[in-house]
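>>> here's a sequence, model it:
(2 chains)
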Amino acid sequence: QQPVQSPQAVILREGEDAVINCSSSKALYSVHWYRQKHGEAPVFLMILLKGGEQKGHEKISASFNEKKQQSSLYLTASQLSYSGTYFCGTYGSARQLTFGSGTQLTVLP
Amino acid sequence: GAGVSQTPSNKVTEKGKYVELRCDPISGHTALYWYRQSLGQGPEFLIYFQGTGAADDSGLPNDRFFAVRPEGSVSTLKIQRTERGDSAVYLCASSYQSSGANVLTFGAGSRLTVL
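Predicted coordinates for the structure are as follows:
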């Protein structure tokens, strides 16, 4: 079942912060975050594993609440290069990565 | 190779024709995934391979879609009797293993347009 992302879109000024949320109705083993720029492939940002382990980007942080089956991606002091569509992917008992419909982030100068 | 390579990058075909899309994963990656992405949507899972076998093909929309990976490396997604609704970007990804702890590396995709 597809995870739900919010907000669907956000517009920021350079230097502002943003939070993107992802929630699932099913128990999760891990949550993945990817960013996709227009016409390009999704690029890995971060994995959050059940039990607290994280792997990923130095300048991006995220949280994973296993009980609530929710994850949030925190973008601080945003840069123009952060613009793109952010997807969370959830991995559970189905043993496949299922992506949400995305959050479109636009950073303006 | 250095990344996941997909060919062709663009394919325009007519309704009813047969199409093959190819994916060359990162060397040493045993897991290979096919996703389909429509405009404004997230990647939609189609099928994944662990080695040569299709471990999960539950996302294939119908029996017009088929994928193979005969030698555990290159994979081909085959679409028979294409329909206009098949138009989308088909993304391939590979990972070292097929577990929730492994990063997927995506190719640039094959954009299929069915006229």
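
>>> all strands for chain A, in order.
Using DSSP state E, the strands of chain A run over A:4-6, A:9-13, A:18-23, A:28-36, A:43-49, A:54-56, A:61-65, A:70-75, A:84-92, A:97-99, A:103-108.

>>> per-stretch mean pLDDT over the ones you listed, give me the minimum one.
Ranked by mean pLDDT, these bottom out at strand A:54-56, with a mean of 75.

>>> least trustworthy helix or strand in chain B by mean pLDDT?
For chain B, using mean pLDDT, DSSP states H and E, the weakest element among its helices and strands is strand B:53-56, scoring a mean of 87.

>>> so which bits of that one are buried?
Neighbour counts over strand B:53-56 (16 or more other CB atoms under 10 Å in any protein chain shown) mark B:54, B:56 as buried. For the C-beta atoms, the positions are set from N, CA and C on the backbone; glycine is no exception.

>>> how about residues contacting whatever helix or strand comes next after it?
Sequence-wise, the next helix or strand downstream of strand B:53-56 (DSSP states H and E) is strand B:65-68. For strand B:65-68, contacts defined as CB atoms under 8 Å, 6 or more residues apart in numbering or on different chains pick out B:34, B:46-47, B:49, B:54, B:57, B:60, B:75-80.

>>> okay, and which of the residues you listed map to strands?
B:34, B:46-47, B:49, B:54, B:75-79.

>>> got a list of what the spatially most central residue of chain B touches?
Residue closest to the mean C-alpha point of chain B, counted by CA atoms, centre = their mean, is residue B:34 at 3.2 Å. Residues near residue B:34 by CB under 8 Å, 6+ apart: B:23, B:46-48, B:67, B:75, B:77, B:90-92.
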